[in-house]
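[1] following is a predicted model, sequence given first.
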Amino acid sequence: MTARPAHHTVDVYGAEVYCATNARQWAWLRRRFDFVEDLPTSAGQAQFAVWEPNSGLSVPHLILWVDVAKHHGEGELIDSCAHEASHAASELFNHIGHTPTGTDEPTAYFVGWLTRWIWEHCRKDSDA
């Protein structure tokens, strides 16, 4: 079980993405970012904020929570990963002014990529 949440910079959207899968990782996020709320009681959560670090730049942040321990099987876990990825994509695209319509490819690709990224980190942390 890693002490820090997974992190990735999504350069194309100028966003920082973090995924915590246990209370220790969530505590790390709370210490680092003043906008991160208390430890969720739910099995999953997506939180969005635009944070202005000391540099003065406004940087979008996606903070994801998937409590691996609350899932009973891989099916439930992948469902939560996709669910939270969908929320996160909606928040980010709303922020950049992109309104998905019909078979929107940017949204579909981002949700797919984000789901896999979350899933990989959940699997890694559940194996530790």
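    Structure received.

[2] got the residue ranges for the strands in the chain?
    Ranges of strands in the chain, per DSSP state E, are 6-10, 15-20, 44-51, 59-66.

[3] save the ones you listed as CSV, and put in distance to Tyr109, mean neighbour count and mean pLDDT too.
    Every C-beta, even on glycine, is put in place using the N, C-alpha and C of the backbone. Shown next, in CSV, are these (distance: least, CB to CB, whole Å; neighbours: other CB atoms under 10 Å; pLDDT from 0 to 100):
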stretch, distance to Tyr109, mean neighbour count, mean pLDDT
strand 6-10, 12, 14, 96
strand 15-20, 15, 23, 96
strand 44-51, 18, 18, 92
strand 59-66, 16, 22, 95
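
[4] nearest to Phe35, of those?
    Across the strands of the chain, Phe35 has its closest neighbour in strand 44-51 (4.3 Å, CB to CB).

[5] who does the closest one touch, helix- and strand-wise?
    Contacts defined by 3 or more CB pairs under 8 Å, 6 or more residues apart in numbering; DSSP states H and E place strand 44-51 against strand 59-66, helix 74-96.

[6] winner for burial among these?
    Most buried of those by mean neighbour count (mean count of other CB atoms under 10 Å) is strand 59-66; its value is a mean of 22.
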